[in-house]
Each structure stands twice: as C-alpha cells, then as structure tokens.
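[1] Build me a model from this:
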Amino acid sequence: MLPKRLLEGSPSVKLPRPFSRQAGSRTGFQGEGGFPGTVSSVAGPREAMPWSAPMTTPSPKSEAPATPDAVFASLLQRLGEAGRVPSGAFVSPKTPEALAATLFDVAGRTGTAMFSVWAADDSDSGADEDDSDGARAETGDRVINAGITLFFIEKDTPGTVGLLGAERVPVRQPMAYELYRPLGKALAAHAKRGADPVMPDRGHVSFPVGAADPDIEFRVSFREDELGTWTTALARDRETRQAYPSIPSLPLSAEHAEFLKGLFNRLDKSLFNGQLVLLTGASNTGRSTTLRAVMDALPDNVHALAAVEEPKGGPGGAIGVVKVSGELPLAQALRSFLRQDPDLVFADEVRTLKDMEMLCTAAQTGHAAICVLEAKTPEEGYAWLTEAMPGIPTYALIVHHTRDAATGALAMTLHETKPTEDGNTLHVVPWTPPVRAGWDRTMPMPTHKVGIVVDQGFGGRVAELARVFHVWVVDSRENTPVIQSVWKSGLADAAVDPLSVGVTSFAALEGESPEAMCARIAGAVAEHHGAFAHDPPWSEIEVFGVQLTATLRHVFEELEATACTPTQEGFVCRRL
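    Residues are numbered from 1 along each chain as shown. Purely as a prediction, here's the structure:
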C-alpha cells in the first residue's frame, strides 16, 4: 500500500484513501512527455477509420493528421525542421500497430530521451481562445487534443552545478483524437504491458529490436483515463543501465534482495513514518551503486529528488538529479528539495552533522530519506543519527557494505533499529523478516483474506465486501461511485490494520477480458498483501466476476496458491 504522501498508486491503480493523495497533484503527466507543461491545442477532423475509433468531437479549429502514415510523415518533417532527422529509411506505417513500432525506431535513431503519446480535454481553454462559446455549448462538443511529443536533452556544460538535464527540447506532432485510443492499445501490446506483475502498468521495448544487449532500452509507462491510454517512454542507454542496476543483481542474499526490492517497488509506508535508510560502509564498497539501484526500483509515479556528488548514467529520468559541490553544499540542496515537497529524497553522500540533520528533518516531515554514509560498522553509521538528533529516537534501516581485503569481493547485509529491553533507547540489530508478535512460523498461517472484483457491474456490493476484507475492484460506471464512497467513509482509516478492510481500485484496459484482467492484477494484489508488505501475508484470495480457468489456476499457483476452488461467482485460491 502506498503512503499518504503519494499519488493514488500506479497510473491505473488507485490505492485506498488512508495512504493516498489526490491524483494529478504531482504526477509527471501534468503536460506532454511526463514533464510539467501545457499541452498544445491541436486536434483534427473526424474521418472514417479502418479501426474502431471513439466518436468524441475534436477541436473544430485544427486539422491534425488522422491516419498513421500522415502522422508519421508530418513527424519526420517536424524532426527535420528541428535538425533531428533520423538515420536510415522507414516504411510508412499504415496501421496503429505499425506506427507504434515505428515510433520506438525513430526515437532510437534520433537519440530521443523521452517521448509521450497524449490526449487532453481542452474544452475550457479552447472556449477562452475564441468566440465560439455559444456554438460549442449548443452542440455539447468537447475539445479533445492529442499528439506525440519527443524530448531531446541538451548536454550539460562542464562544471554544471544544480539540476542536471534541465534543458529539454520538445518536438511536437499533433494527431487526430480518433487515432489516440488505437495507438495507445498498440503501444501497450508492443511494449508487452503487464509482463511484470509487480509493475502491471509498465512495459519495455529494445532498440534495435531483438538485440541481446540493445543500444537503448525504453522503459514504457501507461496511464488510463477516460480519454484512453497516455503513454510515456523513457530511453535508457547502456551507460544508464549499468549505472542503475537492479537490486537482485547486488551482492546480498536473495531474502534481503526481495525485501529491499519490495520496499521500494511498492513504496512501503515505513519509508514515510520517520525511518531513514542508511547505506553505510567504507569508500569503494558499492554504496552509491546501491543508491542508484534503489532509485531504479521506484514505481513510475513518484516525485523524487537526488543530490549527488558524482552523477552517473546521464540525466533525463523520472528522478530530478542535482550535482552538489562546494558551490552547492548538500544541506543547501536538501533544504531546497523540501520546499518542493518531494515524496523521496536521496543524498550521496552525508559528510556533516548538518547534512544529517536536514535528512532527519525530511524523514520526520513525511518524506522518505535515503543516504550514503561512510561508516565502518552499522553501529557507527547509526551513531550519526543519535548525534544529529540527540534525545529523539530515530528508526533506521541500515544496508551495510563491505569489501573482503583478500579477494576484493563485495558483500551487503541488512540491519535495523529496535528498542532495547528497557524500551528507553534504540539499538542496531541484524534485520529479520517481519513476523506478527506471537505467531510461531511452525503453526498454521493466520488468515488474511483479499478480494478481486473484475465484474464491472458489481456496484453496491463493493461496500459490503469492503467491510469484511480488503478488495481490489475494477473501475467502471457502476463500481467507481461506490469505491469513492468507501474511501470517503474512512473505513480503512479507522481500522487497526488498513489492509484488512477497504478498497483499492484499478483500471481495465481497452478490450480486456475479465480473465485477462484478473491475470494482470493478481501479481500486484499478491505483492501488496505478501510477506514483505503485510504480516501475516495473504492466505486467501476470492475472485468475483470470472470463472476459474486453466490459465488463472496457473497464475495463482505461480503466486504460491496451494488450492483453487470454483464458486458460484468466481473462485477462491488459498495458500496453506
């Protein structure tokens, strides 16, 4: 479950109100391409398309191209005008599927840092721009603008201090809204959206296609709304991928890696409850690499800022990176960060007590704080906290790094702080998996039931289930008002365990069957209610709105279900 400081989950998952923030308050989708901005007012005439297109009235003022080949031809022209002509020849795309594949090809050949396919309802702004208010009101027309925007990042000048990669140059291509939905669906299929059950609204595309070690790997994120699928693709070259490794590739045990990865994948609420994450060790033990791996594990929809001494991998990602130096000390950078109210702050590295005090202030005001700190032992690292905040107990998760003097091999271990026996102070102990007090792991697992509703006409019954166990429900015309009423009731707020009751909502993909919907969301449900997110982990998942199939049985068995039983309204999977 995401904490209160964050947006409502991933682009298509809205989490319960106890730990949610109003969607759109900080998301990168404020404008084109994931960068804050104003979507240009462009749209086009309605034409009969060979694919199924929504019949929403576009802007009557513009004539944007409405077919894949026309959009692509215009895009090439605009790239040429911007001095960004792609190398090689292209086959003109005739379908949304071909256009989707070609966009990644063009982005790879032109050195695009990021591109987005977007749509926006500009009815209000459109009315302000001309004198057609009356006609538009009489016909009830909406002004829906859509387009493709490619972003290029100018190189930072040597010695740049402050925000890196700030000079972003857009190349904008309008298109008719009729093409937006089919293109979004084609992009999701091409990027294999949902292949990772933990990140169901993310996909990946390699350039060149099929390369074992591609020049570029595009990390693609999707956001569903009433207009269709907003797509953002971030280019990651070899240098970036090497600089930002995955957590499982680090030199720590599989259990520790799984815990650490899950902590940041789902943005565990403990990160926002005053606990700092300290990456300790001597110089050259991999602390900064771990910091970047943690940054890479974040979901797509967070506001994170990092102050680092030696940036690597190039700018342009979802995290704002600031280079610190004598001209811009770490404490000053952190102070500036807090004025922007980020969800997470990263620091590499803490060198003074003033730096540590600023990080503690961030943690105590609801921000997740992660830092690199030179310390020979975990205890020495924690001593920085006690000295920076005397008399104030501050919890910490400590990831300690060592290097074997004889072999040079790196190793990592996890430690945490817990109260001493007298309860007056905190001390550092080896990390252990969370276990409910009094629960003997040799005994049967306590019950933690979760529900999944893929029936878009479930309606008022959502509230009934939400009072009994936590339920994940697909958004729909009938379900969404009930979901919102459950959130407003404060049901989960009042519960001792917020994940024992209440509702999480998720969006259906266009044309998605109930079976495919259930298979897609099951991994996220198991992750958010699993061993590293809830104690005890889920023991039973009941599904409503789709019958048990061989495919779904396999999906839940992969999630460690030991028995799946059909019911009148769906099925139940149990983990014994």
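[2] Show me where this protein dips below the pLDDT cut-off.
    By pLDDT under 70, the weakly predicted segments of the chain are 1-62, 125-141, 156-163, 165-166, 314-318, 434-446, 492-496, 531-535.
[3] domain parsing for it?
    The chain breaks down into these domains under the TED database: 68-120+144-241, 244-430, 449-574.
[4] could the ones you listed be laid out in a markdown table, adding mean neighbour count?
    Backbone N, C-alpha and C define where each C-beta goes, glycine included. As requested, the domains of the chain are exported to a markdown table (neighbours: other Cβ atoms under 10 Å):
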| stretch | mean neighbour count |
| --- | --- |
| domain 68-120+144-241 | 19 |
| domain 244-430 | 19 |
| domain 449-574 | 19 |
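[5] can you pull the contacts of Val453?
    Val462, Leu465, Val471, Trp472, Val473, Val474, Asn479, Val543, Phe544, Gly545 (Cβ atoms under 8 Å, 6 or more residues apart in numbering).
[6] Who does the spatially closest residue to the fifth one that is not a sequence neighbour form a beta bridge with?
    So the one you mean is Val473. The shortest distance from Val473 to any non-neighbouring residue, by Cβ to Cβ, 6 or more residues apart in numbering, is to Val453 (4.4 Å). Beta-bridge pairing for Val453 (DSSP bridges): Val473, Phe544.
[7] so Ala120 makes contact with Val143?
    No - between Ala120 and Val143 there is no contact under Cβ atoms under 8 Å: 9.0 Å.
[8] List the residues that contact Arg553.
    Cys564.
[9] quick one: what helix or strand has it in it?
    Per DSSP states H and E, Arg553 falls inside helix 550-558.
[10] How far off centre is that helix?
    Here the centre of helix 550-558 is set off from its chain's centre by 26 Å, with Cα atoms, centre = their mean, to the nearest Å.
[11] same question, stretch 86-105
    27 Å.
[12] Identify the residues contacting that stretch?
    With contact meaning Cβ under 8 Å, 6+ apart, stretch 86-105 is reached by 50-51, 68-69, 71-73, 76, 79, 106, 109-110, 115, 117, 148, 179, 182-183, 185-187, 189-190, 205, 207, 209, 218, 233.
[13] Export that stretch to PDB, keeping only CA atoms.
    In PDB, the C-alpha atoms belonging to stretch 86-105 read as follows (Å, rounded to 0.1, in the frame of the first residue of the first chain):
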ATOM      1  CA  PRO A  86      16.600  10.100 -38.100                       C
ATOM      2  CA  SER A  87      19.100   8.000 -39.900                       C
ATOM      3  CA  GLY A  88      18.100   5.400 -42.500                       C
ATOM      4  CA  ALA A  89      14.900   4.800 -44.400                       C
ATOM      5  CA  PHE A  90      11.400   3.900 -43.000                       C
ATOM      6  CA  VAL A  91       8.400   2.100 -44.300                       C
ATOM      7  CA  SER A  92       5.400   4.300 -44.000                       C
ATOM      8  CA  PRO A  93       3.100   2.800 -41.300                       C
ATOM      9  CA  LYS A  94      -0.400   2.100 -42.400                       C
ATOM     10  CA  THR A  95      -1.800   0.800 -39.100                       C
ATOM     11  CA  PRO A  96      -1.700   1.900 -35.400                       C
ATOM     12  CA  GLU A  97       0.400  -1.200 -34.700                       C
ATOM     13  CA  ALA A  98       2.900  -0.300 -37.300                       C
ATOM     14  CA  LEU A  99       3.000   3.300 -36.100                       C
ATOM     15  CA  ALA A 100       3.700   2.100 -32.500                       C
ATOM     16  CA  ALA A 101       6.700   0.100 -33.600                       C
ATOM     17  CA  THR A 102       8.000   2.900 -35.800                       C
ATOM     18  CA  LEU A 103       7.800   5.400 -33.000                       C
ATOM     19  CA  PHE A 104      10.300   3.400 -31.000                       C
ATOM     20  CA  ASP A 105      12.500   3.000 -34.100                       C
END
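[14] Name the strands paired with the next helix or strand after the helix holding Arg553 and say parallel or antiparallel.
    Sequence order places strand 563-566 as the next helix or strand after helix 550-558, per DSSP H and E. Strand 563-566 has the following sheet partners, assigned by DSSP bridges: strand 570-574 (antiparallel).
[15] Now find how far off-centre the partner strand is within its chain.
    In terms of Cα atoms, centre = their mean, the gap separating the centre of strand 570-574 from the centre of its chain is 29 Å.
[16] angle of that strand against helix 550-558?
    Calculated by axes from the mean of the first three to the mean of the last three Cα atoms, to 10 degrees, strand 570-574 forms an angle of 20 degrees with helix 550-558.
[17] The chain should start at 5 in everything you say after this.
    Shifting the count to begin at 5 puts that one at strand 574-578.
[18] Tell me which residues are up against strand 574-578.
    Taking Cβ under 8 Å, 6+ apart as the rule, strand 574-578 contacts 543-552, 556, 560, 563, 565-569.
[19] For Ala530, identify the helix or strand it belongs to.
    Taking DSSP H and E as the criterion, Ala530 maps to helix 518-532.
[20] contacting residues around the nearest residue to Asp219 once chain neighbours are set aside?
    Leaving aside its chain neighbours, Asp219 sits nearest to Phe211 (6.0 Å; criterion: Cβ to Cβ, 6+ apart). By Cβ under 8 Å, 6+ apart, the residues touching Phe211 are Phe108, Asp109, Ala111, Gly112, Pro218, Asp219, Ile220, Glu221, Phe222.
[21] Over to Ser480. Which of the three states is it?
    coil (DSSP: H, G, I helix; E, B strand; the rest coil).
[22] now swap in Arg223 and tell me
    State at Arg223, reduced to three classes by three-state DSSP: strand.
[23] Now do the helices in the stretch 305-454 of the chain.
    Secondary structure of the stretch 305-454 of the chain (DSSP state H, counting those that start in this stretch): helices located at 334-343, 357-368, 382-392.
[24] Using CSV, lay out those helices together with distance to Arg227.
    Below are those laid out as CSV (distance: least, Cβ to Cβ, whole Å):
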stretch, distance to Arg227
helix 334-343, 25
helix 357-368, 28
helix 382-392, 38
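[25] and of the ones you listed, who's closest to Val505?
    Minimum separation from Val505 across the helices of the stretch 305-454 of the chain (Cβ to Cβ) falls at helix 357-368, 28.7 Å.
[26] which other residues reach that closest one?
    Everything outside helix 357-368 that qualifies as a contact, by Cβ under 8 Å, 6+ apart, is 278-280, 333-335, 338-339, 341-342, 349, 351, 354, 373, 375, 388-389, 391-393, 396, 398.
[27] between the helix holding Arg557 and helix 518-532, what angle do the directions make?
    Using the same axes, to 10 degrees, helix 554-562 lies at 10 degrees relative to helix 518-532.
[28] Please save the CA atoms from helix 554-562 in CSV.
    The C-alpha trace of helix 554-562 is given here as CSV (Å, rounded to 0.1, in the frame of the first residue of the first chain):
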residue,chain,number,x,y,z
ALA,A,554,-6.6,-23.3,-16.5
THR,A,555,-4.8,-20.0,-17.2
LEU,A,556,-5.9,-18.4,-14.0
ARG,A,557,-5.2,-21.6,-12.0
HIS,A,558,-1.6,-21.4,-13.3
VAL,A,559,-1.3,-17.7,-12.5
PHE,A,560,-2.3,-18.2,-8.8
GLU,A,561,-0.2,-21.3,-8.4
GLU,A,562,2.7,-19.2,-9.5
